[in-house]
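Peer 1: my questions concern the predicted model and sequence given below.
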Amino acid sequence: MTTVLAWGAIDYGAAYIQAGEMPYMKEAVKWATDYFLKAHVSPTVLYGQVGNGQLDHAFWGRPEDMTMDRPAYKITEANPGSDLVAETSAALAAASILFKDSNPAYSAECLQHSRELYDFANNFRGDYDATIPGVSEFYASYGYYDELAWAAAWLYRATGETSYLTAAKTHFQQLSTTPWEFSWADKTPGVQVLLAQLADEVDKATYVNHLTNFCNDIIDNRQRTPKGLVYLSQWGSLRYAANAVFICLRAADLGINPEKYREFGKQQIHYMLGDTGRSYVVGFGVNPPQRPHHASSSCKPAPATCDWDFHSPDPNPHVLYGALVEALTPTTAALRSLTDCGGVTAAPTTAAPTPAPTSVPTPAPTSAPTTPNTGGGSGSCFRFAKANSWSGNYDGTLYVTIPTDVGSWSIDLQLSSSVNNFQAWTANVAPTSGTSITLTNKNYNGVQTAGATLELGILVTFSGPTPAITAATFNGEMLTGCGATSAPSTPAPTPAPTPASTPESTVNPGTEEPSTQAPGSGCVAPGTSYDYDEVLHKSLLFYEAQRSGDLPASQRVTWRKDSALGDAKDSVTNVQLDLTGGYYDAGDYGKFGYPMSSMTTVLAWGAIDYGAAYIQAGEMPYMKEAVKWATDYFLKAHVSPTVLYGQVGNGQLDHAFWGRPEDMTMDRPAYKITEANPGSDLVAETSAALAAASILFKDSNPAYSAECLQHSRELYDFANNFRGDYDATIPGVSEFYASYGYYDELAWAAAWLYRATDNRQRTPKGLVYLSQWGSLRYAANAVFICLRAADLGINPEKYREFGKQQIHYMLGDTGRSYVVGFGVNPPQRPHHASSSCKPAPATCDWSDFHSPDPNPHVLYGALVGGPDANDWYEDKREDYVKNEVATDYNAGFQSAVAALRSLTDCGA
C-alpha cells in the first residue's frame with residue numbers, strides 16, 4: 001500500500017499539489033514509513049506483524065478499547081520472509097524519492113533502511129507465512145521473486161545504480177509473464193511498468209491444431225464396433241468413448257468442425273443410451289444393466305448378511321441408478337446444452353419404452369386397510385409407502401413386520417381393483433395380474449426373525465381404477481395395518497417440484513429407493529426417445545451411491561449408510577487421521593485419489609461450461625454437491641503444502657472383500673505423497689480438480705472457492721517442484737491405476753489454474769471484475785498500472801479512457817458512489833470497527849457491528865470492497881466482502897485518481 005501511494009505521489013505530484021493535497025499525501029506515506037523504520041530494529045531483523053489475526057477478528061469495538069494480547073512477530077535470518085521484507089524495502093525506496101527534496105535527511109534514512117532490507121530479503125530467502133504463524137489465513141505468501149524484483153527496481157529508480165537494475169531483471173526471469181493481479185500478493189505488473197517490459201501472448205492456433213488432430217484421429221481412424229461404438233479400450237470401452245466425445249464437443253464449441261464433432265457425439269451417446277436395442281445406463285431406458293459390478297448395491301437390505309452376493313444370479317437388490325460402466329454426466333450435459341428444451345422442457349413426442357415416474361414431494365396417504373386383525377404374532381403388521389406415481393403406474397415399498405421366526409415366507413395381498421402387472425424386486429410374484437397377488441421369498445431372504453421388518457420394493461401397472469392394498473396375510477395369518485397405504489383411490493396431481501437452491505432429500509419416509517424422476521419436466525432431443533434430464537438425474541444418483549463417510553440428511557440413495565468413519569491411519573506412522581468422505585471409485589471400496597480427482601475435474605468442467613443444461617434440468621444443486629463431496633475430501637487430504645494423502649485402502653485387501661461398505665473391518669491404510677516420495681501426476685490432478693471447483697463455486701460459495709484455489713496453487717507448486725510418478729510411492733497402485741508420466745497432469749493443472757485466475761469479465765455496468773473480494777481494489781490497481789503504461793507511451797488513448805471509465809464507476813457514474821463521504825448515495829456502513837462505535841464513553845461491542853444504523857463517524861475517503869459481478873451492492877456492515885475497507889484498497893485507487901487529475905487542466 002505504501003509503495004503504491006508513494007508511487008502515485010511521485011509520478012502524479014502535480015495533481016496532488018494542484019489539488020492542495022500534497023502535504024496530506026506525504027503525511028499518509030510518512031505515517032507508514034515511520035512505523036517501518038521503528039520495526040526495522042537491525043539490518044537483519046524486521047518486525048512484520050503486530051496482533052493475532054484470530055483474536056483480532058473475534059473482537060468488534062473501538063481500537064481504544066482493545067484488551068487482548070497483541071504479540072509482535074519478527075523476521076530474522078533464521079526465520080526469513082523475503083516477500084514481506086522486500087516489499088518494505090520497496091516502500092522505503094519509494095518514500096526516499098518522495099521526500100528527497102522536502103526532507104532530505106528523512107529521505108536518506110529511508111534509503112539506507114531500504115538498502116539493508118533488500119540485502120536481508122535477497123540473502124536470507126523464504127516465504128514470510130512460514131515464519132509468522134496463522135498469517136496465511138489472511139495474507140498468504142505466493143512466492144517472493146516479484147517482491148525482490150520490485151524492491152530492486154525501486155532502488156534502481158531511487159539511486160540510479162545499475163546493480164539494482166541487473167538484479168531486478170534477474171529476479172524478473174523467475175516470474176510468470178501472465179500475472180492476473182497487481183496487489184499486495186503479486187507485484188509483477190508493477191515490475192513490468194518500471195522496467196518497461198511487456199508480456200508475450202500465447203499462440204492459440206498451436207493448441208487448436210493439436211485438438212483438431214485429436215478429434216479427427218478418434219473419429220476417422222479409430223476402430224469401431226459393428227454397431228458403431230468407437231472402440232478405444234477393452235476395459236471401460238464406454239468410458240473412453242464418452243470422454244473422447246466430451247473433448248470433441250468442447251472443440252465444437254470453440255468453432256472447430258462443429259457439425260462433424262457434434263454429430264459424432266450424438267451418435268456415440270445415443271449408442272450408450274439404447275440406439276442398438278439396449279441401454280448401458282443402470283435404471284435407464286430399454287433393457288438396462290441389472291447386475292453392475294458394485295458391492296453395496298448387490299447387498300440385501302440390512303440387517304441381512306452381505307458377503308459374496310457377488311455370485312448371485314439375481315439382479316442387484318438396489319438399483320444403482322445412472323451408472324454407466326463409467327460416468328458420462330459431463331458429455332450428456334454437453335448434448336443437453338445443444339437441445340432446445342428451454343427452461344421449462346417439453347414432454348417427449350413419443351412415449352419412452354419405460355415410463356418415467358414423477359416425483360411426489362409428500363406422499364398422500366389414504367386410509368389404512370379396513371380388514372380386522374384376526375391373527376398374527378404380537379406386533380405383526382404391514383404398511384405401504386408410495387414413492388412415485390405416473391399414468392397407469394405407481395411404485396413404493398411394502399413394509400411387513402415379521403410375526404414369528406420363519407425359514408420361508410409367503411405374503412398374500414388383496415387389491416381393490418385389478419392390476420395388469422405386479423413386480424417386486426426382492427420377492428417372487430405369482431400371479432402377476434388380477435386382484436390377488438402372492439409374494440414368496442427369494443433364496444437369500446427366506447430366513448426372517450420375529451420383530452424384524454421385511455422391505456419389498458414393488459411396481460404396479462394398471463389400466464382401470466388405482467388399486468389399493470386392502471388386506472394382507474403372512475404365511476396364512478392376517479396382518480393388521482401398522483401405517484397408512486399411499487395408493488389413493490384417485491390419482492393425485494403430481495406437479496414437478498421447483499429445484500431448490502440447495503439439495504433436499506426427495507426420499508419419502510420409509511422408502512429405501514430414491515425418486516428416479518428428474519426435477520425438470522424432461523428434455524428429449526427431436527427424433528429420439530432419450531430424456532437427457534433423466535440421464536443427468538440418474539447419473540448423479542450413481543455418485544451418491546458411491547459416497548464414503550458420514551452421509552448427509554439430503555442423501556437420496558438411502559440404501560447406502562454411513563461407512564468408513566474410521567478412515568484412516570497413516571501407512572507408515574500408524575497415526576489416526578480424518579480422511580472420511582470422498583468416493584469409492586468403482587464397485588468396491590478403495591478411495592483412489594488419482595481417478596477420484598480426474599473425475600472431479602471433468603464433472604466440474606461439465607458443470608462450468610454446460611451449467612445452463614444442469615440448471616434447466618433442475619440438477620445444478622445436486623451437481624455441485626457431487627463435486628463438493630470430492631473436494632471436501634481433497635481439502636482434508638492436503639494436510640500441508642507438500643503433503644497429500646493420495647489413497648485410502650489397500651487395493652488387494654479391498655478386492656478380497658465383497659459386502660457392504662458399512663460392514664468393512666479390514667485395515668484401511670492411508671498413503672501419502674511428500675517431497676521425498678513425490679507423485680506429480682496425482683498431485684497435479686488434484687490441483688486441477690480444486691481449480692475447476694473454485695470456478696464452479698466462485699459465485700455461490702466464494703469463501704469455499706477461495707479455499708479450493710489456495711490449495712490448488714499449493715498443490716501445483718508441490719507437483720511441479722518435486723517431480724515423480726505416484727505409483728513409485730504408493731505400493732501396489734500400479735495394478736489398478738498406473739502412472740503414465742506426469743507432464744499431461746502438470747499442463748492440465750496449469751491450464752485450469754490459468755482459467756481460474758486469469759479470466760477477465762465485466763459487470764453489466766462496466767466494472768472490470770477481477771475478484772469477488774475487494775472488486776474495486778483490484779480494478780483500481782489495474783487502472784493505475786494501465787495509466788502508468790499510458791504515460792510510457794503504450795496505447796495512451798485506450799488505457800486512459802479505460803482508467804477514467806473505471807474510476808468514474810467508483811465515484812458515481814452508475815448512480816452511487818463507493819467512496820465513503822463522497823458523491824451521491826455513498827456507503828454509510830463500512831465494515832470498520834472504530835467508526836462504527838458511538839462516541840466514548842459509550843460501550844462499543846458486537847451490538848454496534850449488527851446495528852442497522854449508519855456508522856456514527858464518517859470514514860471519509862474509504863473505498864469499500866464493492867459490488868459483485870452483477871453490480872449488486874448492499875450497504876451492510878456485516879457484509880465484509882462488499883464493505884471491507886483497507887489501506888491497500890485506497891492505495892491504487894488514490895494514485896489512479898491522481899493520475900487522472902494530472903491529465904485535467906484545472907490550473908494551480
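Peer 2: Thanks, I have the structure now. Numbers count the residues shown, from 1 in each chain.
Peer 1: tell me which residue is most central in this structure.
Peer 2: Note on the chain: the residue nearest the mean C-alpha position is residue 693, at 3.1 Å, using CA atoms, centre = their mean.
Peer 1: I figured it hits residue 708, correct?
Peer 2: Yes. With contact defined as CB atoms under 8 Å, residue 693 counts as touching residue 708 (4.7 Å). Yep, even glycine has a C-beta here, placed from its N, CA and C like the rest.
Peer 1: what sits in contact with each of those two?
Peer 2: residue 631 (CB atoms under 8 Å, 6 or more residues apart in numbering).
Peer 1: follow-up on the earlier one: after the helix or strand that contains the residue nearest to the centre of the chain comes which helix or strand?
Peer 2: Taking DSSP states H and E as the definition, one finds residue 693 inside helix 680-696. Where DSSP H and E defines the elements, the next helix or strand beyond helix 680-696 is helix 702-721.
Peer 1: which strands and helices sit next to that following helix?
Peer 2: The contact analysis (3 or more CB pairs under 8 Å, 6 or more residues apart in numbering; DSSP states H and E) places helix 702-721 against helix 620-637, strand 638-640, helix 680-696, helix 743-758.
Peer 1: need those in a markdown table (columns: mean pLDDT and distance to residue 383).
Peer 2: A markdown table is the format used below for the helices and strands packed on helix 702-721 (pLDDT from 0 to 100; distance: least, CB to CB, whole Å):
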| stretch | mean pLDDT | distance to residue 383 |
| --- | --- | --- |
| helix 620-637 | 95 | 29 |
| strand 638-640 | 96 | 47 |
| helix 680-696 | 96 | 42 |
| helix 743-758 | 85 | 51 |
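Peer 1: can I get the ones you listed in JSON lines including distance to residue 663?
Peer 2: What follows is the helices and strands packed on helix 702-721, written out as JSON lines (distance: least, CB to CB, whole Å):
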{"stretch": "helix 620-637", "distance to residue 663": "21"}
{"stretch": "strand 638-640", "distance to residue 663": "29"}
{"stretch": "helix 680-696", "distance to residue 663": "29"}
{"stretch": "helix 743-758", "distance to residue 663": "35"}
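Peer 1: which parts of the stretch 1-150 of the chain are strands?
Peer 2: Along the stretch 1-150 of the chain, counting by DSSP state E, counting those that start in this stretch, strands occupy 40-42, 45-50, 72-75.
Peer 1: mind putting these into JSON lines with mean neighbour count and distance to residue 669?
Peer 2: Shown next, in JSON lines, are the strands of the stretch 1-150 of the chain (neighbours: other CB atoms under 10 Å; distance: least, CB to CB, whole Å):
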{"stretch": "strand 40-42", "mean neighbour count": "14", "distance to residue 669": "49"}
{"stretch": "strand 45-50", "mean neighbour count": "18", "distance to residue 669": "40"}
{"stretch": "strand 72-75", "mean neighbour count": "18", "distance to residue 669": "38"}
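Peer 1: for residue 466, find the nearest of these.
Peer 2: When the strands of the stretch 1-150 of the chain are compared by CB to CB, strand 45-50 sits nearest residue 466, at 71.3 Å.
Peer 1: what pairs with that closest one, parallel or antiparallel?
Peer 2: If you go by DSSP bridges, strand 45-50 pairs up with strand 40-42 (antiparallel), strand 72-75 (antiparallel).
Peer 1: could I get the full set of helices for the stretch 751-900 of the chain?
Peer 2: 775-791, 796-808, 833-836, 846-850, 880-883, 887-902 (DSSP state H, counting those that start in this stretch).
Peer 1: using a markdown table, lay out those together with distance to residue 106.
Peer 2: What follows is these, written out as a markdown table (distance: least, CB to CB, whole Å):
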| stretch | distance to residue 106 |
| --- | --- |
| helix 775-791 | 25 |
| helix 796-808 | 31 |
| helix 833-836 | 29 |
| helix 846-850 | 39 |
| helix 880-883 | 36 |
| helix 887-902 | 20 |
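Peer 1: and those helices, which is most packed in?
Peer 2: Using mean count of other CB atoms under 10 Å, the stretch among those with the greatest mean number of neighbours is helix 775-791 (a mean of 25).
Peer 1: where does pLDDT dip in the stretch 701-850 of the chain?
Peer 2: 758-761 (pLDDT under 70).
Peer 1: any idea how far residue 568 is from residue 155?
Peer 2: Residue 568 is 51 Å from residue 155, where distance means CB to CB, to the nearest Å.
Peer 1: my bad, residue 816
Peer 2: 42 Å.
Peer 1: again, but for residue 524
Peer 2: Counting by CB to CB - residue 524 and residue 155 are separated by 68 Å.
Peer 1: neighbour count: the two, which is higher?
Peer 2: residue 155 (27 against 21; other CB atoms under 10 Å).
Peer 1: what does the domain assignment say about the chain?
Peer 2: 1-179+182-221, 361-481, 545-741 (automatic domain parsing).
Peer 1: just name the most buried of the ones you listed.
Peer 2: domain 545-741 (a mean of 21).
Peer 1: just to revisit the earlier point, can I get the strands of the stretch 1-150 of the chain in CSV with distance to residue 659 and mean pLDDT?
Peer 2: Putting those into CSV (distance: least, CB to CB, whole Å; pLDDT from 0 to 100) gives the following:
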stretch, distance to residue 659, mean pLDDT
strand 40-42, 65, 97
strand 45-50, 54, 97
strand 72-75, 53, 96
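Peer 1: strands along the stretch 401-550 of the chain, start to end?
Peer 2: Under DSSP E, counting those that start in this stretch, the stretch 401-550 of the chain gives strands at 410-419, 421-424, 427-429, 434-441, 453-461, 469-474, 477-478, 480-481.
Peer 1: direction included, what does the third one pair against?
Peer 2: Strand 427-429 has the following sheet partners, assigned by DSSP bridges: strand 434-441 (antiparallel).
Peer 1: what's the strand it pairs with in contact with?
Peer 2: Taking CB under 8 Å, 6+ apart as the rule, strand 434-441 contacts 408-419, 422, 424, 427-431, 456, 467.
Peer 1: repeat that with 10 Å
Peer 2: For strand 434-441, the external contacting residues (CB atoms under 10 Å, 6 or more residues apart in numbering) are 398, 400, 406-420, 422, 424, 426-432, 446-448, 454, 456, 458, 460, 467, 469-474.
Peer 1: who touches residue 736 in this structure?
Peer 2: Per CB under 10 Å, 6+ apart, neighbours of residue 736: 585-586, 590, 592, 594-595, 647, 651-652, 654-655, 727, 730.
Peer 1: one more time with 6 Å, if that's ok
Peer 2: Applying CB atoms under 6 Å, 6 or more residues apart in numbering to residue 736 gives the contacts residue 651.
Peer 1: gap between it and residue 682?
Peer 2: Residue 736 is 13 Å from residue 682, by CB to CB.
Peer 1: with residue 873 instead?
Peer 2: In terms of CB to CB, residue 873 sits 42 Å off from residue 682.
Peer 1: likewise for residue 797?
Peer 2: For residue 797 relative to residue 682 (CB to CB), the value is 50 Å.
Peer 1: same check on residue 37?
Peer 2: 48 Å.
Peer 1: try residue 323
Peer 2: Counting by CB to CB, the gap from residue 323 to residue 682 is 24 Å.
Peer 1: same thing with residue 175?
Peer 2: In terms of CB to CB, residue 175 sits 28 Å off from residue 682.
Peer 1: also residue 41?
Peer 2: 45 Å.
Peer 1: that older thread, reformat the strands paired with strand 45-50 as JSON lines; add distance to residue 125.
Peer 2: Below are the strands paired with strand 45-50 laid out as JSON lines (distance: least, CB to CB, whole Å):
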{"stretch": "strand 40-42", "distance to residue 125": "18"}
{"stretch": "strand 72-75", "distance to residue 125": "11"}
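Peer 1: nearest to residue 84, out of these?
Peer 2: strand 72-75 (6.2 Å).
Peer 1: centre of the chain to the closest one, how far?
Peer 2: 35 Å (CA atoms, centre = their mean, to the nearest Å).
Peer 1: contacts for that strand, please.
Peer 2: 45-50, 81, 85, 131-132.
Peer 1: distance to residue 220 added to those residues, as CSV?
Peer 2: What follows is these, written out as CSV (distance: CB to CB, whole Å):
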residue, distance to residue 220
45, 67
46, 63
47, 66
48, 61
49, 61
50, 67
81, 57
85, 59
131, 58
132, 58
